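Enquirer: Need the 3D shape of this:
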Amino acid sequence: MASILVVEDERIIAQDLRESLEKIGHSVVGVFSSGEAAVKVINERQPEIVLMDINLAGEMDGIETAEIISGQMDVPIIYLTAYTDSRTTERAIGSNPYSYLSKPVDISDLRVAIEIALYKHTADKRIRASEERLSLAMEASPDGLWDWDIASGETYFSPAYFEMLGLEWKEQAPHFTTWADLIHPEDRQNVLEVNQHCIDGKTDDFSVEFRMRHRDGAWRWILGRGKCVARDDVGKAKRLMGTHTDITEQRKAEEALKKSEARFRAIYENAPVMINGFSPDGELILWNREIEKQSGWSFNEAKSCDVLSLCYPDEDTLEQLKKTIMAADGIFREYYPRIKNGETRCQLWANFSLPDGCIICVGHDITELEESEEALRKSEHSHRTLFEKHSAVMLIIDSESGKIVDANPAAL
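Expert: All right, here's what the predicted structure looks like:
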């Protein structure tokens, strides 16, 4: 049970209180007749409850004594008094007692008052601890907290809520319209509709991105999250709570990434070279327009079949090709794949690895070039044969120096 300090200047009543308290299982850690005496020992005795008579011997009355004790330690105080005039009652209530009992005190009333005071004091400590944790969390977090009473429009905004907008917290009206007036005109209707859906009971919570005006005139991107915490009998929200997070830099980064990806996609799709790619586990993930054009297979077709096996039906060649791809050494090598129409092409391919483990393959189709070079070689061979076998004297003279650089056997 509880340890209790009694402050009562009437000896008989004080003794009766001691006996009553001990009878219902509590321990009395001291009985004092003046406020001054109680204040001197309060920190030493550390009571869990103080029973305080309002009219005491000495210069301080019970209310003054209670205020001093409350300033020194967190202990619930129950007032005892034979006077119940309105002025005394108002003073007593102003000092936030846990209970107020009139003399003579009934033991049953005293038991209930003590139990309620202990319970309420424990609950108050938990609430204060919870509020302190919430306050510390909000101070540590850059997010802004809001709490909206729907009927009145009154809204609590945490300091961080306005700090992200460059505004002074104390200068802003605690009302729903303060927030609504700062929303970008292009976003306002959608944002209000999202909130209204939650108010109407269509959703219990929501998340929405929108812009709010900063003090400097710029628009900051905000991620707003909200949840209904109370509804009326017909399901309408009475109270919404939520947070605001400044995601401006995140949005800028996302936009920059989108532009970068768009540039890459444009280059990738329109490059006059063949580009394909494989994930670390070998899945085909890239297949640009040029390789579709040169191979005859679309990306979906290539992805749905084992395209490398179709291009390289010889198992040994295919196995060596796969090893070369995974090696990703960046060296161009000559290959002879079979394309969709059955034709064999001559191509140069090099493979490169990316930081995420993917492999990018870059290729050139040089079939026509190879054919041209072969035709040139045959032409040169025919002319050399004619030059050497002809019976007439044939000389090749440098046009600048006039020197003979070659002669056929007939000239020798």
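Enquirer: helix/strand/coil for the closest residue to Asp149 other than its chain neighbours?
Expert: Excluding its sequence neighbours, the residue lying closest to Asp149 (CB to CB, 6 or more residues apart in numbering) is Arg239, at 5.8 Å. In short, each C-beta sits where N, CA and C put it, glycine included. Classification of Arg239 using DSSP: H, G, I helix; E, B strand; the rest coil returns strand.
Enquirer: What of Pro97?
Expert: coil.
Enquirer: for it, what are its contacts?
Expert: Going by CB atoms under 8 Å, 6 or more residues apart in numbering, Pro97 touches 52, 66, 76-79.
Enquirer: Restricted to helices, list these.
Expert: Using DSSP state H, the members of those that fall within helices are Ala66.
Enquirer: Pull the helix or strand where Ile222 lies out as PDB, backbone CA atoms only.
Expert: Per DSSP states H and E, Ile222 falls inside strand 219-231. Extracted in PDB, the C-alpha atoms of strand 219-231 (Å, rounded to 0.1, in the frame of the first residue of the first chain):
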ATOM      1  CA  TRP A 219       7.400  26.000 -53.700                       C
ATOM      2  CA  ARG A 220       8.500  23.100 -51.500                       C
ATOM      3  CA  TRP A 221       7.300  19.500 -52.200                       C
ATOM      4  CA  ILE A 222       5.600  18.000 -49.200                       C
ATOM      5  CA  LEU A 223       4.600  14.400 -48.400                       C
ATOM      6  CA  GLY A 224       1.400  14.700 -46.300                       C
ATOM      7  CA  ARG A 225       0.300  11.700 -44.300                       C
ATOM      8  CA  GLY A 226      -2.900  11.600 -42.200                       C
ATOM      9  CA  LYS A 227      -5.100   9.300 -40.200                       C
ATOM     10  CA  CYS A 228      -8.600   9.600 -38.700                       C
ATOM     11  CA  VAL A 229      -8.300   9.200 -34.900                       C
ATOM     12  CA  ALA A 230     -12.000   9.900 -34.000                       C
ATOM     13  CA  ARG A 231     -15.300   9.600 -35.700                       C
END
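Enquirer: Output the contacting helices and strands for it.
Expert: Using 3 or more CB pairs under 8 Å, 6 or more residues apart in numbering; DSSP states H and E as the contact test, the elements touching strand 219-231 are helix 185-199, strand 205-213, strand 237-246, helix 248-270.
Enquirer: Let's test this: mean pLDDT of the second one, rounded?
Expert: In other words, strand 205-213. Strand 205-213 shows a mean pLDDT of 97.
Enquirer: What lies in contact with it?
Expert: With CB under 8 Å, 6+ apart as the contact definition, strand 205-213 has outside contacts at 165, 179, 182-184, 186-188, 190-191, 194-195, 197-198, 219-228, 244, 247, 251.
Enquirer: Next, the buried residues of that strand.
Expert: Buried residues in strand 205-213, counted by 16 or more other CB atoms under 10 Å: 206, 208, 210-213.
Enquirer: Quick check: closest non-adjacent residue to Gly277.
Expert: The nearest residue in space to Gly277 (CB to CB, 6+ apart) is Leu286, at 3.3 Å.
Enquirer: Neighbouring strands of the helix or strand that contains the one you found in the sheet, and parallel or not?
Expert: Secondary structure assigned from DSSP H and E places Leu286 in strand 284-287. Under the criterion DSSP bridges, strand 284-287 sits next to strand 274-278 (antiparallel) in its sheet.
Enquirer: Return the distance of the partner strand from the chain's centre.
Expert: Here strand 274-278 is found 35 Å from its chain centre; the criterion is CA atoms, centre = their mean, to the nearest Å.
Enquirer: hey, which of the helices and strands packed on strand 219-231 is tucked in deepest?
Expert: Highest mean neighbour count of the helices and strands packed on strand 219-231: strand 237-246, a mean of 19 (counted as mean count of other CB atoms under 10 Å).
Enquirer: which residues in the stretch 301-412 of the chain form helices?
Expert: 307-311, 315-327, 367-389 (DSSP state H, counting those that start in this stretch).
Enquirer: Pipe these into JSON lines and attach distance to Gly402, mean pLDDT and mean neighbour count per row.
Expert: Formatted as JSON lines, these follow (distance: least, CB to CB, whole Å; pLDDT from 0 to 100; neighbours: other CB atoms under 10 Å):
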{"stretch": "helix 307-311", "distance to Gly402": "55", "mean pLDDT": "93", "mean neighbour count": "17"}
{"stretch": "helix 315-327", "distance to Gly402": "52", "mean pLDDT": "92", "mean neighbour count": "13"}
{"stretch": "helix 367-389", "distance to Gly402": "20", "mean pLDDT": "77", "mean neighbour count": "11"}
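Enquirer: could those be laid out in JSON lines, adding distance to Ala350?
Expert: Listed next are the helices of the stretch 301-412 of the chain as JSON lines, based on distance: least, CB to CB, whole Å:
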{"stretch": "helix 307-311", "distance to Ala350": "16"}
{"stretch": "helix 315-327", "distance to Ala350": "10"}
{"stretch": "helix 367-389", "distance to Ala350": "17"}
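Enquirer: closest one to Ile13 among the ones you listed?
Expert: helix 315-327 (94.8 Å; CB to CB).
Enquirer: center of the protein, which residue is that?
Expert: Taking CA atoms, centre = their mean as the criterion, Thr245 is the residue nearest the geometric centre of the chain, at 8.6 Å.
Enquirer: isn't it right up against Leu145?
Expert: No. Look at Thr245 against Leu145 with CB atoms under 8 Å: they stay out of range, at 10.8 Å.
Enquirer: re the thing from before, quick check: bridge partners of the residue nearest to the centre of the chain?
Expert: For Thr245, the beta-bridge partners under DSSP bridges are Leu223.
Enquirer: repeat for Ile275
Expert: Beta-bridge partners for Ile275, by DSSP bridges, are Val362.
Enquirer: my guess is the residue nearest to Gly277 meets Val362, correct?
Expert: No. Counting by CB under 8 Å, Leu286 does not reach Val362; the two are 10.5 Å apart.
Enquirer: So the two - more neighbours on which side?
Expert: Neighbour count, other CB atoms under 10 Å: between Leu286 and Val362, Val362 has more, with 19 against 16.
Enquirer: who are the neighbours in contact with the more buried one?
Expert: Val362 neighbours (CB under 8 Å, 6+ apart): 273-275, 349-352.
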